[in-house]
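Novice: Using only what follows, build the 3D model:
(2 chains)
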Amino acid sequence: AQKVTQAQTEISVVEKEDVTLDCVYETRDTTYYLFWYKQPPSGELVFLIRRNSFDEQNEISGRYSWNFQKSTSSFNFTITASQVVDSAVYFCALSEADAGGTSYGKLTFGQGTILTVHP
Amino acid sequence: EAGVTQSPTHLIKTRGQQATLRCSPISGHTSVYWYQQALGLGLQFLLWYDEGEERNRGNFPPRFSGRQFPNYSSELNVNALELEDSALYLCASRPRDSYEQYFGPGTRLTVT
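Specialist: Numbers count the residues shown, from 1 in each chain, chains lettered A, B, ... in the order given. Take a look at the predicted model:
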């Protein structure tokens, strides 16, 4: 069975600090997809990134960067120079796929990390 | 482009009653997913509909059911409501040729 663990329940930082959110996953499949979502106080989950299991390239998007390491089954998320607007709950998720790469659809979420950025 | 919409925003029901939640996917998206976000339990997968068919189901009792209509919108029905059904129910949609799920604002169900 697949499992996603976000060990950090809550993180509190001061604006402009860098912060890394950890995500460790378990799956028996060789093909899978990893995601990060942001849930602001409004409640709506906002898609941030998808990473395929066969693509270990790290990615940077503005102040956001993601580090995917299959050797340690981790998919960590770093926010550089954090801002108050980054305050939210962040979820890491996993979706398994068949050999053809078709996702089974179901997302397995971690418990989420509550990030609070203080001014 | 309009996002995923859900109705109602809030729903208050009494234990034993039935609740119906509705979801309209993003135009062009054929798959609809339902998730439950209960306090302390995180986000749990409920149901996946694609092209009108139920494709996958999470570990929930049969009193959680739903359907997908020809226009790809979906309904989630919860029968014989129990207090622990109180949660935020999130709907997500996905286009046929992609893996990202896009979520709606959710329906907050309160069972008293």
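Novice: Which of the helices or strands spans residue A:4?
Specialist: Following DSSP states H and E, one finds residue A:4 within strand A:3-5.
Novice: what does that strand contact?
Specialist: Strand A:3-5 has contacts (Cβ atoms under 8 Å, 6 or more residues apart in numbering or on different chains) with A:23, A:24, A:25, A:26, A:27, A:92, A:93, A:94, A:108, A:109, A:110, A:111. Bear in mind the C-beta positions are built from the backbone N, C-alpha and C, glycine included.
Novice: rerun at 7 Å
Specialist: A:23, A:24, A:25, A:26, A:92, A:93, A:94, A:108, A:109, A:110 (Cβ atoms under 7 Å, 6 or more residues apart in numbering or on different chains).
Novice: Now it: buried residues?
Specialist: residue A:4 (16 or more other Cβ atoms under 10 Å in any protein chain shown).
Novice: With stretch B:18-26 instead?
Specialist: Neighbour-count burial for stretch B:18-26 flags B:19, B:21, B:22, B:23, B:24, B:25, B:26 (criterion: 16+ other Cβ under 10 Å).
Novice: Tell me the one of those nearest residue A:81?
Specialist: Nearest to residue A:81 out of those is residue B:26 (Cβ to Cβ; 31.8 Å).
Novice: Now do the contacts for that closest one.
Specialist: Residues near residue B:26 by Cβ under 7 Å, 6+ apart: B:1, B:2, B:3, B:4, B:93, B:102.
Novice: Fine by me, thanks again.
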